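Novice: Turn this into a structure:
(4 chains)
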2 protein chains.
Amino acid sequence: MPTAAPEHRHNHQHCIDEAVSHARRLCAERGARLTTIREQVLTLVWANHQPVGAYRLLEALAEQSERRSTPPTVYRALDFLLEQGLIHRIASLNAFVGCADPGHRHSGHFLICKHCNTAIELDAANIDTAINRAAEQRGFSIDSKCVEVVGSCQHCREQGHD
Amino acid sequence: MPTAAPEHRHNHQHCIDEAVSHARRLCAERGARLTTIREQVLTLVWANHQPVGAYRLLEALAEQSERRSTPPTVYRALDFLLEQGLIHRIASLNAFVGCADPGHRHSGHFLICKHCNTAIELDAANIDTAINRAAEQRGFSIDSKCVEVVGSCQHCREQGHD
DNA sequence: TGCGCAATTGCAATATTATAACATTAATAG
DNA sequence: CTATTAATGTTATAATATTGCAATTGCGCA
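Specialist: Down below sits the predicted model:
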């Protein structure tokens, strides 16, 4: 899978391009329609590695296109992107972030830095295993998981934050 | 620790009484003031094992007392109860649920049934360990965790739901 | 091509969740 | 018993999300 925890400095345009082309490919394969609005929203979500709220996206969308947009426009695009597994919703922030590995459907697990706000998507089989086991013991069958960890990322800690 | 996963049928009044007396004891020890409103809200949160929203609590509070209540009343009580570790917030539901083990502070880990809406609080050291390890590997220091798993509980599965 | 169906988008209103700011009242220490 | 802090009351509003219906677009197929 692609690197889930980007270094602090990197060529972010590459992330965006990769995400969009990956999305196009997947949607084409699935016969899902990645329309202009949906692709715009995906691109805006990918503007950086910080989760972004729906109304921030709405503003950004309004700025870059002439059409005036309303909340349903954005929420519908977000719903589509969530269904396709192209983004994740961070429940504790009411915000959305690009999925680092849209190839296979999964619930995201995130480390969220309280200083720089960056969300690092984990690919930790251990966590899933531990959760699956706990659920199994209780006869509970899992539909979806949400793991959100807040704290300080390495980069910010090195900067003296903590 | 007390049983975190109550059987489907149980003497729930016992849960409520236990929660309230535990809360009184802890607050007394800590010099925290468990006022009437706060205790009322705690009791209402414990009305059952389903997470409950702030505005539902507000209605319930209005019903049972003559004073008219407003959102800040409830949110402040909830904030207090959260600080004291007497309840947990379920981010993915914007709702609150009683803490099964208020003795020691911890982030709650929950299995939430989509059918009966019951939230089962886990006490799974494995999960914490796995998360701690993943964070450590990335130089990330943890403040708080949130683990919310949605699916079908044993009881509902036995009833044919799934 | 053009018709018809289904998916998408536009649009207005409103629901739901949460907080800000400031006034008032209650509890507690000295 | 008074000064101080904590808690609550009150009004308003911010932030997030959805509903319902109309208009439009995309697309398969006659």
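Novice: From the contact counts, what lies against the biggest helix by length in chain A?
Specialist: As assigned by DSSP state H, the longest helix anywhere in chain A is helix A:12-30. Applying 3 or more C-beta pairs under 8 Å, 6 or more residues apart in numbering or on different chains; DSSP states H and E, one finds that helix A:12-30 makes contact with helix A:36-45. C-betas here are computed from N, CA, C, even on glycine.
Novice: Does the helix it packs on reach DNA strand D?
Specialist: No: under the criterion of C-beta under 7 Å from any atom of the strand, DNA strand D is not reached by helix A:36-45; the shortest gap measures 8.1 Å.
Novice: can you state the direction angle for that helix and helix A:12-30?
Specialist: 140 degrees (axes from the mean of the first three to the mean of the last three C-alpha atoms, to 10 degrees).
Novice: what packs against helix A:36-45?
Specialist: Helix A:36-45 packs on helix A:12-30, helix A:54-64, helix A:71-83, strand A:95-98, going by 3+ C-beta pairs under 8 Å, 6+ apart.
Novice: Tell me which of those lies nearest to DNA strand C.
Specialist: When those are compared by C-beta to the nearest atom of the strand, helix A:71-83 sits nearest DNA strand C, at 3.5 Å.
Novice: State the helix or strand in which the closest residue to A:L26 other than its chain neighbours lies.
Specialist: Once flanking residues are discounted, A:L26 sits nearest to A:P102: 6.1 Å by C-beta to C-beta, 6 or more residues apart in numbering or on different chains. Counting by DSSP states H and E, no helix or strand carries A:P102.
Novice: confidence score at A:P102?
Specialist: As predicted, A:P102 sits at a pLDDT of 96.
Novice: Quick check: it touching A:Q84?
Specialist: Yes: between A:P102 and A:Q84 a contact is recorded at 7.4 Å, counting by C-beta atoms under 8 Å.
Novice: Give the residues shared as contacts by these two.
Specialist: Overlap of the contact sets of A:P102 and A:Q84 (by C-beta atoms under 8 Å, 6 or more residues apart in numbering or on different chains) consists of A:A23, A:L26.
Novice: just to revisit the earlier point, need the helices and strands packed on helix A:36-45 in a markdown table with mean neighbour count, mean pLDDT and distance to B:V45, can you?
Specialist: Below are the helices and strands packed on helix A:36-45 laid out as a markdown table (neighbours: other C-beta atoms under 10 Å in any protein chain shown; pLDDT from 0 to 100; distance: least, C-beta to C-beta, whole Å):
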| stretch | mean neighbour count | mean pLDDT | distance to B:V45 |
| --- | --- | --- | --- |
| helix A:12-30 | 14 | 97 | 41 |
| helix A:54-64 | 16 | 96 | 28 |
| helix A:71-83 | 17 | 98 | 29 |
| strand A:95-98 | 24 | 98 | 26 |
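Novice: now these in CSV, with distance to DNA strand C?
Specialist: Putting the helices and strands packed on helix A:36-45 into CSV (distance: least, C-beta to the nearest atom of the strand, whole Å) gives the following:
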stretch, distance to DNA strand C
helix A:12-30, 9
helix A:54-64, 9
helix A:71-83, 4
strand A:95-98, 13
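Novice: possible to save those as CSV with distance to B:F96?
Specialist: Listed next are the helices and strands packed on helix A:36-45 as CSV, based on distance: least, C-beta to C-beta, whole Å:
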stretch, distance to B:F96
helix A:12-30, 35
helix A:54-64, 23
helix A:71-83, 25
strand A:95-98, 21
